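1. what's the 3D shape of this:
(one chain, ligands or ions: 2)
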Amino acid sequence: MVRHTVDPVKCRGCGKCVEMCGLELWTLVDTDNGKKRAQVIEEAKDMCHMCLACRDACPEEAITITED
Ligand code: SF4
Ligand code: SF4
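-> Ligands and ions are numbered 1, 2, ... in the order given. Predicted coordinates:
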């Protein structure tokens, strides 16, 4: 199973990860402080093929992807 982790401090909601994933596995959600944050959709753990495009696109290095 692939796990996608977003560092909530680093992520500034720019949406680059959303743009880069060809499988559309990312979305932006509203946070309590009025900002946006990246989040993977539930299907991501099954569909993600670990191309790492989302991780590499993140200017804040907020995304970690692992497989277990
Ligand atoms: S690793 Fe690739 S397929 Fe998986 S969520 Fe990121 S961009 Fe999408
Ligand atoms: S690219 Fe990085 S900073 Fe931008 S929304 Fe995605 S995780 Fe957040």
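
2. got phi/psi on residue 26?
-> phi -120, psi 150 (degrees, to the nearest 10).

3. ok, it touching residue 38?
-> Yes. With contact defined as CB atoms under 8 Å, residue 26 reaches residue 38; the gap is 5.6 Å. Placement of C-beta: from N, CA and C, glycine included.

4. residue 30 against residue 36, yeah?
-> Yes. Counting by CB under 8 Å, residue 30 does reach residue 36; the two are 6.4 Å apart.

5. between those two, who's got more neighbours?
-> Counted by other CB atoms under 10 Å, residue 30 and residue 36 do not tie: residue 36 has more neighbours, with 16 against 10.

6. quick one: the residue lying closest to the more buried one once chain neighbours are set aside from ligand 1, how far?
-> Leaving out its chain neighbours, the residue that sits closest to residue 36 by CB to CB, 6 or more residues apart in numbering is residue 13, at 3.0 Å. Look at residue 13 and ligand 1: by CB to the nearest ligand atom, to the nearest Å, they are 17 Å apart.

7. look up phi and psi at the residue of the chain most remote from its centre.
-> Here the chain reaches farthest from its C-alpha mean at residue 33, the gap being 19.0 Å by CA atoms, centre = their mean. Note on residue 33: its backbone torsions stand at phi -90, psi 20 [degrees, to the nearest 10].
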